[in-house]
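> sequence and predicted structure are below.
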2 protein chains.
Amino acid sequence: MSGNLIVQKYGGTSVGTLDKIRKVARRIKKSRDAGKDVLVVVSAMAGETDKLLAMAHELSDHPNRRETDLLLSSGERISSALLSIALHSMGCPAMALTGRQMGLLTDGSHTRARIREIKASRALDILKTNHVVVCAGFQGVNEMGDVTTLGRGGSDTSAVALAVALDADVCEIYTDVKGVYTADPRIVPNARKLNMVSFDEMLEMASLGAQVLHIRCVEFANNFNMPIVVRSSFDETDEGTRIIEENPDMEQPVVSGVMHDTDQSKITIMGVPDQPGIAANIFNALADASISVDMIIQNVSAEGHTDISFTLATTNLQEAMPIMQKKGKAVQAKDVTSDSNISKISVVGAGMRSHSGVAARIFSALSNEGINIMMISTSEIRVSCIIEKSKTEQAVRALHGAFKLDEEPEPISQSTTGASPTA
Amino acid sequence: MSGNLIVQKYGGTSVGTLDKIRKVARRIKKSRDAGKDVLVVVSAMAGETDKLLAMAHELSDHPNRRETDLLLSSGERISSALLSIALHSMGCPAMALTGRQMGLLTDGSHTRARIREIKASRALDILKTNHVVVCAGFQGVNEMGDVTTLGRGGSDTSAVALAVALDADVCEIYTDVKGVYTADPRIVPNARKLNMVSFDEMLEMASLGAQVLHIRCVEFANNFNMPIVVRSSFDETDEGTRIIEENPDMEQPVVSGVMHDTDQSKITIMGVPDQPGIAANIFNALADASISVDMIIQNVSAEGHTDISFTLATTNLQEAMPIMQKKGKAVQAKDVTSDSNISKISVVGAGMRSHSGVAARIFSALSNEGINIMMISTSEIRVSCIIEKSKTEQAVRALHGAFKLDEEPEPISQSTTGASPTA
């Protein structure tokens, strides 16, 4: 299908009502009338998955995962059938495909399956007969022929995986925002929509809590170099944000965006004997419970003892504390405390690789606002700081201003900005 | 599994809420704790199928049938997953199976598929591991691997077909009534629940509008001699109605029940030239439109002309009238009229085969009430009359009384009544 196929993914809010399904159908038809082959991936109608999950949890404290997958996958089957019916009624031939029918084969991990392979021959055959293919997102089948689901953000991953399997030109992700912004527009009114973001930047942003794309979908696109476009399903004029492989022709500001994450907590184990292996001992206990730790700091040792602090998602705090209290006792620590009154502020930009001084500019911007930095972590293209939660919005605005993110960036390479790298 | 397997089918009202699903789960567990292998077939939660269908019809005047099947089949997937989750939470291991997973293969007629074959090896394997199998009713797959549905009453048919394929002892159909009654208890307060009904009688009753079982399900059970028990999912003490092959040991009253159907209309074509082939011409036109005709009468010819009247379901009247008006013109009939103000009263009983005088008793009972009979049709075990609609309830009560259906019948053979013919 190379050269003519686009994959379009519509999220739950985009198909949340029958009226919105009709609007989405009109938009798909427009792409088709423009001569494109279109494969659509669709999420469940907004609220549907949560409703089904709530029923399962009302019946059981721990609904078994195999049946939960069968239950949840119904949401996308319903929306894909309805969208296909809407397309038909507009004279646009369409066929809805389930996870099995689109050949999306996964491993056996129910509720968080990984894609193993896509056997998309049926989708290809249908596209050849000039039908739009409407795929139920979020779902696949395992070796047993049982339905599996891909976990949160799974429909995005389905879309990118199908785009790769069918060698599509681009995977368009339609959502309720115009694209990827320099900061959350609810906090920074003059936040700017980015026209282009590199996969590396998007991976950082997604892992820092940008809701717009799930990290697994970006990883998949990055691995197979499948361009993603994030755009609004309600605004047809805006071309959204293009997420592509970094290349020399790309507009490359030092800093692309400021992210914040208020779902962070800190645990401190005080007075730990400063002996080799103790930190490993502590963090292995968390790894065993599948709890991810983000930043870690250890104080300078005093009198043979040290304090170890680390951050984790607040949703994991309740589970982590008893584990840490037990572990603290075992290593004869003096105390174990927690603090949910923190947030993480991050500055992301591919240009950091070639430009120094970003961290210094962050520290002085926060210092000017009287904001104290509790912990710091960095990657090649990111600087993150833990601060007091009540200062979150103030910090985001200060950093957005400090890096002049409201202004179109000056290109740091000499090439033309805005040129499509795939053109 | 012979000798130990029962199939239980629970309808939409039986699983209409999470609370009712829990009750059904407890009942299934009880059968299992009593040492039975149990395969359950479940309908969609009450109202769910209608809700999904209404959405399809809001999007399209003629929703395409392939996608409609995908849409509607979700209802049973949801209820089967929920029931399985409820069973798990009670410590009763269970696995939900979709139409494909239970191997229910159908022809390609979407929305009214016929079962071709059941490849139940997976269900058998699961039963051997001491799990309850919970099957999503109403659905199968065709040769393409597309989801099909079996039409109204399809879950009953799924249940009987699975019972046959797995050689179950019995297929229990759980519903919101206690069984099959001598008449509608809302009309005849002293209507009596029948303990046993023959397949032939049940076939007549189902085709006469008895809601309790769909005719296809009874046909299937009759063809493979699979006993059906209809019983209440809310009343555990009543043993319901057993539907079995007629045999000499069976309690065999002359008349088993009085049925009524108010969804009947009459079309009359007046002044049709009395020539060979004209009736065929007229009724072929209806057959071409897939409209079923029930009773037909033709007046004695006068002056080379005759009147032809026939009855049909009122739901088909609107479609049939323009066809008949066109056809009436073509054969130079004088007029075409319709009448929805009628109903059909039927008396059913296997004992009619060996007992005469039933029709005479019906006519005199109706005559005593001053009820005029417009049309009559009979089968070996049934007499039906068309009467004025407003007299329906009066007629049902009169016939119920005339045949003393409120009393336990005296056996007409010399053998013991009530003995289980399969024991």
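Thanks, I have it. Note that this is a predicted model, so its numbers are computed, not measured.

> for A:Ala403, list the residues it contacts.
One thing to correct before we go on: residue A:403 is Phe, not Ala. Under the criterion of Cβ atoms under 8 Å, 6 or more residues apart in numbering or on different chains, the contact list for A:Phe403 reads A:254-255, A:258, A:347, A:361. (Glycine included, C-beta is placed from N, CA and C.)

> 10 Å - rerun?
Contact partners of A:Phe403, counting by Cβ atoms under 10 Å, 6 or more residues apart in numbering or on different chains, are A:182-183, A:253-258, A:347, A:349, A:358, A:361-362, A:365, A:409.

> now the nearest residue in space to A:Ala359 that is not next to it in sequence: how far from chain B?
Once flanking residues are discounted, A:Ala359 sits nearest to A:Val383: 5.2 Å by Cβ to Cβ, 6 or more residues apart in numbering or on different chains. Counting by Cβ to the nearest Cβ, to the nearest Å, the gap from A:Val383 to chain B is 46 Å.

> I'd say A:Val383 and A:Ile376 touch.
Yes: with contact defined as Cβ atoms under 10 Å, A:Val383 reaches A:Ile376; the gap is 7.2 Å.

> beta-bridge partners for the residue nearest to A:Ala359, please?
Beta-bridge partners recorded for A:Val383 (DSSP bridges): A:Val347, A:Thr378.

> what about it, neighbour count?
22 (other Cβ atoms under 10 Å in any protein chain shown).

> try A:Ala136
That count, for A:Ala136 with other Cβ under 10 Å as the rule, works out to 31.

> pretty sure it contacts A:Leu150?
No: counting by Cβ under 10 Å, A:Ala136 sits too far from A:Leu150 to count as a contact (11.5 Å).

> low-confidence bits of the stretch 251-400 of chain A, can you list those?
Low-confidence segments of the stretch 251-400 of chain A, defined by pLDDT under 70, are located at A:251.

> hmm, back to that, how much space separates the residue nearest to A:Ala359 from A:Val38?
41 Å (Cβ to Cβ, to the nearest Å).

> got it, and A:Arg26?
Relative to A:Val38, A:Arg26 is positioned 13 Å away (Cβ to Cβ).

> in the helix or strand that contains A:Ile126, what's buried?
Using DSSP states H and E, the element containing A:Ile126 is helix A:121-128. Residues of helix A:121-128 classed as buried by neighbour count (16 or more other Cβ atoms under 10 Å in any protein chain shown): A:122-124, A:126-127.

> give the other helices and strands that it contacts.
Using 3 or more Cβ pairs under 10 Å, 6 or more residues apart in numbering or on different chains; DSSP states H and E as the contact criterion, the neighbours of helix A:121-128 among helices and strands are strand A:5-10, strand A:37-42, strand A:94-97, strand A:132-136, helix A:154-165.

> before we move on, back to that, more neighbours: which of A:Arg26 and A:Val38?
Here A:Arg26 and A:Val38 are set side by side on neighbour count (other Cβ under 10 Å), and the busier one is A:Val38, at 26 against 14.

> is the more buried one in a bridge, and if so with what?
Partner residues in beta bridges with A:Val38: A:Ile6, with DSSP bridges as the criterion.

> ok, it touching A:Ala123?
No: the pair formed by A:Val38 and A:Ala123 falls short of the contact definition of Cβ under 10 Å, at 11.3 Å.

> one step back: which among the buried residues of helix A:121-128 gets closest to A:Ala86?
The shortest approach to A:Ala86 among the buried residues of helix A:121-128 belongs to A:Ile126, at 17.3 Å (Cβ to Cβ).

> identify the contacts common to A:Val383 and A:Ile376.
With contacts defined as Cβ under 10 Å, 6+ apart, the residues adjacent to both A:Val383 and A:Ile376 are A:359, A:362-363.

> which of those are buried?
With neighbours counted by 16+ other Cβ under 10 Å, the shared contacts of A:Val383 and A:Ile376 contain buried members at A:Ile362.

> which of the shared contacts of A:Val383 and A:Ile376 fall within helices?
Among the shared contacts of A:Val383 and A:Ile376, the ones falling in helices (DSSP state H) are A:359, A:362-363.

> and of the residues you listed, the nearest to chain B?
In terms of Cβ to the nearest Cβ, no member of those lies closer to chain B than A:Ile362, at 48.7 Å.

> isn't the closest one up against A:Val348?
No: shown here, A:Ile362 and A:Val348 do not form a contact pair, counting by Cβ under 10 Å, at 11.5 Å.

> now the common contact residues for these two.
Between them, A:Ile362 and A:Val348 share these contacting residues under Cβ under 10 Å, 6+ apart: A:255, A:258, A:383-384.

> ranking by neighbours, what's the top pick from the residues you listed?
The residue in the shared contacts of A:Ile362 and A:Val348 with the most neighbours, by other Cβ under 10 Å, is A:Val258 (29 neighbours).

> and that one, what are its bridge partners?
Each beta-bridge partner of A:Val258 is listed here, defined by DSSP bridges: A:Val347.

> A:Lys334: neighbour count?
A:Lys334 has 11 neighbouring residues, counting by other Cβ under 10 Å.

> now the most centrally placed residue in chain A: closest residue in space, sequence neighbours ignored.
For chain A, A:His214 is the residue whose C-alpha lies nearest the centre (Cα atoms, centre = their mean; 2.2 Å). Among residues not flanking A:His214 along the chain, A:Gly153 sits closest, at 2.4 Å (Cβ to Cβ, 6+ apart).

> which one's the longest helix in chain A?
Secondary structure assigned by DSSP H gives helix A:65-89 as the longest helix of chain A.
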